[in-house]
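>>> sequence and predicted model, in that order:
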Amino acid sequence: MRIGAALLAFVLALAAPAAAQLDGNRDEAKVPAYTLPDPLVMADGRRVTSAAMWRQERRPELLAAFTHAIYGVSPPPPRHMRFRVTDEDRAALGGLAVRRQVRVLLDGTEQGPQIAVLLYLPAQARGRVPVFVAPNFHGNQAVNADPAIRITHNWVTPATGIAKGSASAASRGIDAAEWPVATLLRAGYGVATYFTGDLYADERGKFAESIQPWYRTAFGAPDRWGAIATWAWGLSRVADYLATDPHVDARRMIVIGHSRYGKAALWAGANDTRFAAVIANDSGEGGASLYRRRFGETIRVMNDYWFAPVFKTYAEREAELPVDAHELVALIAPRPVFIASASDDWWSDPRGEFLAAKCADPVYRLLGVGGLDAAAMPPPDRPVLSRIAYHLRTGPHGITDRDWASYIAFADRYLPHHPEGTP
């Protein structure tokens, strides 16, 4: 009987993630009445009345609330970090690009934890180049079919060319449709990426193999940093390297992410103001979508390893969260931020993403810059390229050439090119 009960529990545990993906709310009539916290009201009830008060008091208060209730406490940058360029080709991709592969040695040694960074820059660029910075899903080799890209040795989510967590040469370029590298290079932008599995594999039960034990993170700490905070921390380590590269315009780094990595991009942008603009593509709840709407993906069904353990205690009681997603968007202010949705992606709650963007608008206005120039949710394929930008792309969850076209136009508008690298 004991064996039977244990087997049943094991089978139910295996089935739980799949079942959870089916029980999100997709009915607007079932969205509960809710009241959002005011981003311009301090926890003690005082109203934020100036840009200085926002920067010195309210912004730190909100960052602390998100840290301790949702994402967890991340460590500071490593003190002895070093960078080693392991590959450089000044005529990569048929002469279109300069390719660099860089090892970020987090403890300064070849034996310690590392991040592998892949960087492409336009070969014909004059002066410093603005760069899109993003995490990737299946290893750097999956971003482009370039045969010189080093294949990751870390555990990878199964996909084409990836079996039992191990990537092979058959995985080269499997995600290239999501990474229009040539288009970005021709538009004058660089692309920098790292594989999230270098720091925390995107799978339940991978804590022991992650960077966290190296930082002596206590697994049971209620506010320990989750995988999303870890991936965001990694984006800042990529920025640390880019700031040293004489061919990169470190004042024009644009952090971008899709889906769960859209969540990480927002958290990276909230914490690291070196990112001059932030783009979250189909980020959903835990990213740009409002928690209190309880639409699509909810706290109850999200992967627990993505967040601080305390976060899951707010399942079914979202109204008790001290913050909501509009305040995460507001933490980017006054820098440009782009929130993007897809019309068929109900799981990510496009309306909740739009409302979060709209409700961040008062903070941007207080800081003297434009906000979201849309009173109502725009129709599909009509991007609003204001300081807080938003678009609803026709189609399913994904990041497409149409999305990237909007992101390039957005970057061109708010981070214009200066050929000689001058401000």
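Now that the structure is in, tell me what you want to look at. Worth saying up front: this structure is predicted, and the values here are computed from it rather than measured.
>>> tell me the secondary structure at the residue sitting nearest the centre point of the chain.
The centroid of the chain falls nearest to residue 265 when counting by CA atoms, centre = their mean (2.4 Å). Here residue 265 takes the helix state, with states given by DSSP: H, G, I helix; E, B strand; the rest coil.
>>> now it. Nearest residue, chain neighbours left out?
Distance criterion CB to CB, 6 or more residues apart in numbering; nearest residue to residue 265, sequence neighbours excluded, is residue 257 at 3.3 Å. Bear in mind the C-beta positions are built from the backbone N, C-alpha and C, glycine included.
>>> now the phi/psi pair for the one you found, please.
Main-chain torsions, residue 257, degrees, to the nearest 10: phi -160, psi 150.
>>> what's the burial count for it?
Residue 257 has 31 neighbouring residues, counting by other CB atoms under 10 Å.
>>> so where's this structure uncertain?
Within the chain, the stretches with pLDDT under 70 are 1-22, 418-423.
>>> let me see the ranges of the helices in this protein.
With DSSP state H as the criterion, the chain has helices at 2-20, 51-53, 59-66, 92-95, 181-186, 227-242, 260-271, 325-330, 350-359, 361-366, 401-414.
>>> TSV for these, including distance to residue 33?
Below are those laid out as TSV (distance: least, CB to CB, whole Å):
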stretch	distance to residue 33
helix 2-20	25
helix 51-53	31
helix 59-66	23
helix 92-95	53
helix 181-186	43
helix 227-242	29
helix 260-271	26
helix 325-330	17
helix 350-359	14
helix 361-366	21
helix 401-414	33
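>>> out of these, the one nearest residue 287 is which?
Closest of the helices of the chain to residue 287 is helix 260-271, at 3.8 Å (criterion: CB to CB).
>>> just to revisit the earlier point, go through the helices of the chain and name the closest to residue 104.
Short answer: helix 227-242, nearest of the helices of the chain by CB to CB, at 5.4 Å.
>>> picking up where we left off before, so which of the helices of the chain comes closest to residue 169?
In terms of CB to CB, the element of the helices of the chain nearest to residue 169 is helix 92-95, at 17.8 Å.
>>> would you mark the buried spots in the closest one?
For helix 92-95, a neighbour-count test (16 or more other CB atoms under 10 Å) marks 92-93 as buried.
>>> which strands and helices lie in contact with it?
Helices and strands touching helix 92-95, by 3 or more CB pairs under 8 Å, 6 or more residues apart in numbering; DSSP states H and E, are strand 97-105, helix 181-186.
>>> export the ones you listed to CSV and tack on distance to residue 152 and mean neighbour count?
Below are those laid out as CSV (distance: least, CB to CB, whole Å; neighbours: other CB atoms under 10 Å):
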stretch, distance to residue 152, mean neighbour count
strand 97-105, 12, 21
helix 181-186, 18, 18
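>>> now those in TSV, with distance to residue 157?
Converted to TSV, the helices and strands packed on helix 92-95 look like this (distance: least, CB to CB, whole Å):
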stretch	distance to residue 157
strand 97-105	22
helix 181-186	21
